[in-house]
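>>> Could you look at this predicted model? Sequence included:
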Number of protein chains: 2
Amino acid sequence: MDGGSQTTARQTFDQNGRAVGRRGLQTRQRLLEATAELLREQGMRDLRVVDVARAVGTSPATFYQYFKDVREAILRLSEQAAEEMPDIVNLIDGPWRGQSGLKTARAVVDAVIRHWDTHEAVLRVRNLSADEGDPRFRRVVRDALSPLVDRLSAEIRRAQGAGRVSPDVSAAAAAASLVAMLERMASYHAQLENRGVTHSKLVETCARILFQTVTGRSAP
Amino acid sequence: MDGGSQTTARQTFDQNGRAVGRRGLQTRQRLLEATAELLREQGMRDLRVVDVARAVGTSPATFYQYFKDVREAILRLSEQAAEEMPDIVNLIDGPWRGQSGLKTARAVVDAVIRHWDTHEAVLRVRNLSADEGDPRFRRVVRDALSPLVDRLSAEIRRAQGAGRVSPDVSAAAAAASLVAMLERMASYHAQLENRGVTHSKLVETCARILFQTVTGRSAP
DNA sequence: TAGAAATCTGATGATATGTCAGATTCAAAA
DNA sequence: TTTTGAATCTGACATATCATCAGATTTCTA
């Protein structure tokens, strides 16, 4: 037993280490939302604390009350976005055989794309920051993706056990490659759709690559 | 005939539209290299013009003589990095059947990883900027990748013609997915290798996904 | 409703940006 | 070699952001 209530809303602290109350949480959240919005509109490099503050009708000092800097705000947004991941992971736990396996693959592709459509700007910066070596962001990325990777990896090992996937393949690397593909395509799909690839064709194609690589079988 | 010399060194202009001479080109190039170096060390968000200037032993004003802002410098670096792409494209034009096809796939994977190892920081920011909608960066990305995508796409259509790849797959989407996977894995491989996936296993795995998806055949 | 706790902000010193006029360097012509 | 003017560089500056803190304001609690 952990003694907590069902949804253990973690305590939040400000920059002075003091617990934040109801009003403060609300301000903080509005700052986060403005950050996400401006990230979408202006991109990472031109995001200014002043603009975030102005958008919320407050002063920069208020921003710094809750966040060390812009990076930290984006880190928190990344954590909030990651809360959606369990829904995607649940899909992976569906069947991977035959017709319904392909359906599982489609559902996963679709869910990842939807996740990215919702959090595009934040996830992009999250991944960049992780790639640039920031350990806090690496952790968020790992926590968000490893359940996915691990599940796919296990499924691939199963297919290897059945002799349908070559032992020369590393299940972990293959799973990571698939997730890499899904993420990158999710962030890229709008541009492809501008070039004449329909959304459903794109989903179908990714789903089939996913299915094929996970199961070692050609899609039905 | 185009009437130009073999290596048509394009004229370079400064911010006032004046042509840049030998000494200027050298300064400009040193500024670019310092930018790349600092991008590697400090990441995109913390890259300061002052630091770049200091690193070259010159003043910020000199930087602004050659570049409108940091973004433009990174754009030029992206263009320089893209000059390596023909070498990679040549590899794709190798054979795609049987044992030697897998070899082709391996060579491509390896080349993409090497390309990223060399230009990591620049390519990351290039892709982010393109994703954020900057048309100049979108163009650089497209120019760099479309030869790859087009070649793979053509190869996939061939496999579709032979009935080995489902007509439900979009060749363009599949090719884009593969390139997406290759790029993301190239930027991520060091982290995977820290987690116990050896480099050669990783290359082999990506190569097999590539081979399978392009040819519709299981790797030999 | 007084007093305390929580929250917000004006003011500020430090640092970065981006521009321009003028100083410096260089190479070719005299 | 010296002169000359084009190319290159930079000091100085006006503007803007960062990041902090002391103190004002609001909200909560007893």
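Yes, it's here. Numbering: from 1, shown residues only, chains lettered A, B, ... in the order given.
>>> can you tell me which residues contact residue A:191?
Contact partners of residue A:191, counting by Cβ atoms under 8 Å, 6 or more residues apart in numbering or on different chains, are residue B:138. Where C-beta positions appear, they are placed from N, C-alpha and C, glycine not excepted.
>>> Repeat that for residue A:47.
Applying Cβ under 8 Å, 6+ apart to residue A:47 gives the contacts A:35, A:38-39, A:70.
>>> Just send these back as a markdown table, with secondary structure and pLDDT too.
Listed next are the contacts of residue A:47 as a markdown table, based on DSSP: H, G, I helix; E, B strand; the rest coil; pLDDT from 0 to 100:
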| residue | secondary structure | pLDDT |
| --- | --- | --- |
| A:35 | helix | 98 |
| A:38 | helix | 97 |
| A:39 | helix | 97 |
| A:70 | helix | 97 |
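>>> Looking at those residues, spot the one nearest chain B.
The shortest gap between chain B and any of the contacts of residue A:47 belongs to residue A:70, at 7.6 Å (Cβ to the nearest Cβ).
>>> how close does the closest one get to residue A:15?
Distance from residue A:70 to residue A:15, counting by Cβ to Cβ, to the nearest Å: 14 Å.
>>> Give the intersection of the neighbour lists for those two.
By Cβ under 8 Å, 6+ apart, no residue touches both residue A:70 and residue A:15.
>>> ok so, going back, what's the PyMOL line that selects buried ones from the contacts of residue A:47?
Here is the PyMOL command that selects the buried residues among the contacts of residue A:47 (16 or more other Cβ atoms under 10 Å in any protein chain shown):
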select buried, chain A and resi 35+38+39+70
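>>> Need the contacts of residue A:47 in CSV (columns: distance to DNA strand C).
Converted to CSV, the contacts of residue A:47 look like this (distance: Cβ to the nearest atom of the strand, whole Å):
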residue, distance to DNA strand C
A:35, 15
A:38, 17
A:39, 18
A:70, 14
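>>> Name the nearest of the contacts of residue A:47 relative to DNA strand D.
residue A:70 (6.5 Å; Cβ to the nearest atom of the strand).
>>> ok, residues contacting the helix or strand where residue A:210 lies?
In this structure, residue A:210 is located in helix A:199-215 according to DSSP states H and E. Under the criterion Cβ under 8 Å, 6+ apart, residues A:96-97, A:101-102, A:105-106, A:108-110, A:113, A:152, A:155-156, A:159, A:164-165, A:174, A:177-178, A:181-182, A:185, A:189, A:192-193, A:217-219, B:166, B:168-170, B:173-174, B:177-178, B:209, B:212-213 lie in contact with helix A:199-215.
>>> Of the contacts of residue A:47, which are in range of chain B?
The overlap between the contacts of residue A:47 and the neighbours of chain B (Cβ under 8 Å from any Cβ of the partner chain) comes to residue A:70.
>>> Can you tell me which of the contacts of residue A:47 is closest to residue B:89?
Distance to residue B:89, by Cβ to Cβ, is smallest for residue A:39 among those, at 34.4 Å.
>>> Let me see the contact set for that closest one.
The contact partners of residue A:39, by Cβ under 8 Å, 6+ apart, come to A:47, A:74, A:121-122, A:125.
>>> What's the mean pLDDT across stretch A:178-194?
Stretch A:178-194 carries an average pLDDT of 96.
>>> That stretch: how far from the chain's middle?
Mean-position distance between stretch A:178-194 and its chain equals 13 Å (Cα atoms, centre = their mean, to the nearest Å).
>>> got it, and stretch A:156-163?
The chain centroid and the centroid of stretch A:156-163 are separated by 27 Å under Cα atoms, centre = their mean.
>>> List the buried residues of that stretch.
A:156-160.
>>> Residues of chain A that sit close to DNA strand D?
For chain A, the residues in contact with DNA strand D (Cβ under 7 Å from any atom of the strand) are A:15, A:21-23, A:48-50, A:60-61, A:64, A:68-70.
>>> need the residues you listed in a markdown table with distance to residue B:198 and secondary structure, can you?
Below are the residues of chain A next to DNA strand D laid out as a markdown table (distance: Cβ to Cβ, whole Å; DSSP: H, G, I helix; E, B strand; the rest coil):
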| residue | distance to residue B:198 | secondary structure |
| --- | --- | --- |
| A:15 | 43 | coil |
| A:21 | 52 | coil |
| A:22 | 52 | helix |
| A:23 | 53 | helix |
| A:48 | 44 | coil |
| A:49 | 44 | helix |
| A:50 | 48 | helix |
| A:60 | 48 | helix |
| A:61 | 51 | helix |
| A:64 | 45 | helix |
| A:68 | 38 | coil |
| A:69 | 38 | coil |
| A:70 | 38 | helix |
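>>> Could you find the lowest-pLDDT member of the residues you listed?
Among the residues of chain A next to DNA strand D, residue A:21 has the weakest pLDDT, 82.
>>> any idea how far that one is from chain B?
Residue A:21 is 31 Å from chain B, where distance means Cβ to the nearest Cβ, to the nearest Å.
>>> Report how many residues lie close to that residue.
A count of neighbours around residue A:21, defined by other Cβ atoms under 10 Å in any protein chain shown, yields 9.
>>> so where is chain A shaky, pLDDT-wise?
Applying pLDDT under 70 to chain A picks out residues A:1-9.
>>> What are the structural domain limits within it?
A:22-68, A:81-215 (automatic domain parsing).
>>> Let's have these in TSV, adding distance to residue B:10.
Shown next, in TSV, are those (distance: least, Cβ to Cβ, whole Å):
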stretch	distance to residue B:10
domain A:22-68	27
domain A:81-215	28
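>>> deepest of these, which one?
Mean neighbour count (mean count of other Cβ atoms under 10 Å in any protein chain shown) peaks for domain A:81-215 among these, with a mean of 19.
>>> From the opening residue of that domain to its closing one, how far?
This stretch, domain A:81-215, spans 29 Å end to end (Cα to Cα, to the nearest Å).
>>> Could you measure from residue A:102 over to residue A:156?
In this view, residue A:102 and residue A:156 are 16 Å apart by Cβ to Cβ.
>>> returning to that earlier point: orientation of the helix holding residue A:210 relative to helix B:199-215 in degrees?
If you take axes from the mean of the first three to the mean of the last three Cα atoms, to 10 degrees, helix A:199-215 sits at 130 degrees to helix B:199-215.
>>> The lengthiest helix in chain A and chain B, are they touching?
Criterion DSSP state H: the longest helix present in chain A is helix A:98-131. Yes. Counting by Cβ under 8 Å from any Cβ, chain B is contacted by helix A:98-131 at A:121, A:124-125, A:128-129, A:131.
>>> Cool, thanks, signing off.
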